[in-house]
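**Q** Structure here, sequence nowhere to be found:
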């Protein structure tokens, strides 16, 4: 309802991590381009941390939401949240709580931190709400909006940390309800293709650095897929990553067991609550099926190596089969025309949030017909060699299309020329020096403008 407290939980990468006021992840991710073994030392965690908070040199401050695009090559990306307040329907300052957290840590631990934050902020808002909503029909509750893996934290808080007692609505945006194949590929290695060609050696070294780092991150372990995501050449049946006959080579058994324990803890709590009655809060899940997304790992016929990762319908990160929240006992899906990284934008979310906050059901399909979409290389590109970015959108030349490219962290913006090659389809051929690059497209809309940013890594 309009008078409820609105709490936003970002996804993996969605909070700035700092030490002594400096953005540690931004510094480390630039070093990562050189594939140095020590590139990620400042953002590493000790082995066996589990659900405990890090201490000493491993502790970082999580102070604010990410505002610019960022990514972990081979895993996922985050476009930042510069317009999240508008996307949430412009709640008042006093009733909007952006929940920043250390995205490396266990989702269990972060769910407990979320519980403490919500309890504190809801008590404060209930003491203040009368000045803003004197005619409210009841006491304020919580509308919890969670982007990407933030939804794993949100649902765990609701079902395992008593959050259901004060929640009115859960909204998830591109949440991998049943995990990500990319996490399995990253932890098994290599997450990035090392095929022969320019940059192949660099890609292999980069994969090794990323794997060594990610193996000690509880959050990545808890992203492992818990649906049948393993295919074996010559076999017709899909298998779980727990199948002992065809284990994913390189994927540690401890990681698999921890991922399953995390899922089962949530499922057990949900089943116990279901025996009492239906969910006391409503659930809406925004997703997409219009963008190819990794949905499985393919093993060689003898199970000795990973040979591929086929794509299926999804939001560009989460495949449809992982996006569906079957645990709700309802059909909470709202299918959109936006990819995962853009689902927390005003264009994707605002209309749905205005309806939810007004106590109305949001529409079943949110198409975004006036929007634009950027398709970009999922894996690192070879520095100094051409790569292609595609832009999709209706009647763009007449809507003041502006496109730019710049090195991440630097102010110089270079214009980019997209040439039309089909109906509502445009293509630009680009080159980049080693580093992380941002490509941005802006186009006018009847009410405002649409902006899309993507991050490309050149090695």
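**A** Nice, thanks for sending it over. Just so we're clear, the structure is a prediction, and the values are computed from it rather than from any experiment. Numbers count the residues shown, from 1 in each chain.

**Q** which residue is nearest the centroid of the protein?
**A** Centre of the chain computed as the mean C-alpha position; nearest residue by Cα atoms, centre = their mean is residue 148, 3.5 Å away.

**Q** what separates the closest residue to that one other than its chain neighbours from residue 41, distance-wise?
**A** Ranked by Cβ to Cβ, 6 or more residues apart in numbering and with sequence neighbours excluded, the top spatial neighbour of residue 148 is residue 11, at 2.8 Å. Glycine gets a C-beta too; all of them are placed from N, C-alpha and C. Per Cβ to Cβ, to the nearest Å, residue 11 is found 24 Å from residue 41.

**Q** do the same with residue 144
**A** From residue 144 to residue 41 the distance is 34 Å (Cβ to Cβ).

**Q** who's residue 381 bridged to?
**A** residue 458 (DSSP bridges).

**Q** wait, doesn't it sit right on residue 455?
**A** No. In this structure, residue 381 is not within contact of residue 455 by Cβ atoms under 8 Å, at 11.5 Å.

**Q** how many neighbours does residue 216 have?
**A** 16 (other Cβ atoms under 10 Å).

**Q** Would you agree it is in contact with residue 50?
**A** No. Counting by Cβ under 8 Å, residue 50 is not a contact partner of residue 216; they are 10.5 Å apart.

**Q** helices or strands next to the biggest helix by length in the chain in the packing?
**A** In the chain, taking DSSP state H as the definition, the longest helix is helix 253-276. If you count contacts as 3 or more Cβ pairs under 8 Å, 6 or more residues apart in numbering; DSSP states H and E, helix 253-276 packs onto helix 107-128, helix 150-160, helix 218-221.

**Q** what's the average pLDDT for that helix?
**A** Across helix 253-276, the average pLDDT comes to 96.

**Q** how distant is the helix or strand following it from the center of its chain?
**A** Next helix or strand after helix 253-276 toward the C-terminus (DSSP states H and E): strand 282-288. The chain centre lies 14 Å from the centre of strand 282-288; the measure is Cα atoms, centre = their mean, to the nearest Å.

**Q** Make residue 1 into 54 and carry on from there
**A** Got it, first residue is 54 now, which makes that one strand 335-341.

**Q** Helix or strand next in line after strand 335-341, which one?
**A** Following strand 335-341 toward the C-terminus (DSSP H and E): strand 344-347.

**Q** after that next one, next one along is what?
**A** Following strand 344-347 in sequence, per DSSP H and E, is strand 350-352.

**Q** which parts of that next one are buried?
**A** Residues of strand 350-352 classed as buried by neighbour count (16 or more other Cβ atoms under 10 Å): 350, 352.

**Q** which strands and helices sit next to it?
**A** Right, strand 350-352 is packed against helix 234-241, strand 283-285, strand 359-361 by 3+ Cβ pairs under 8 Å, 6+ apart.

**Q** now for the last one, which elements pack on it?
**A** Think strand 359-361. strand 350-352.

**Q** now the strand it packs on: mean pLDDT?
**A** Strand 350-352 comes out at a mean pLDDT of 96.

**Q** circling back: tell me what angle the longest helix of the chain forms with helix 203-213.
**A** 50 degrees (axes from the mean of the first three to the mean of the last three Cα atoms, to 10 degrees).

**Q** can you give me the angle helix 306-329 makes with helix 160-181?
**A** Using the same axes, to 10 degrees: helix 306-329 against helix 160-181 is 40 degrees.

**Q** Take the helices and strands packed on strand 350-352 and lay them out in CSV including distance to residue 264 and mean neighbour count.
**A** Compiled in CSV, the helices and strands packed on strand 350-352 are given as follows (distance: least, Cβ to Cβ, whole Å; neighbours: other Cβ atoms under 10 Å):
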stretch, distance to residue 264, mean neighbour count
helix 234-241, 6, 26
strand 283-285, 18, 22
strand 359-361, 13, 15
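
**Q** Export the ones you listed to TSV and append columns for mean pLDDT and distance to residue 84.
**A** Compiled in TSV, these are given as follows (pLDDT from 0 to 100; distance: least, Cβ to Cβ, whole Å):
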stretch	mean pLDDT	distance to residue 84
helix 234-241	95	18
strand 283-285	96	34
strand 359-361	93	27
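
**Q** Right, I'll leave it there.
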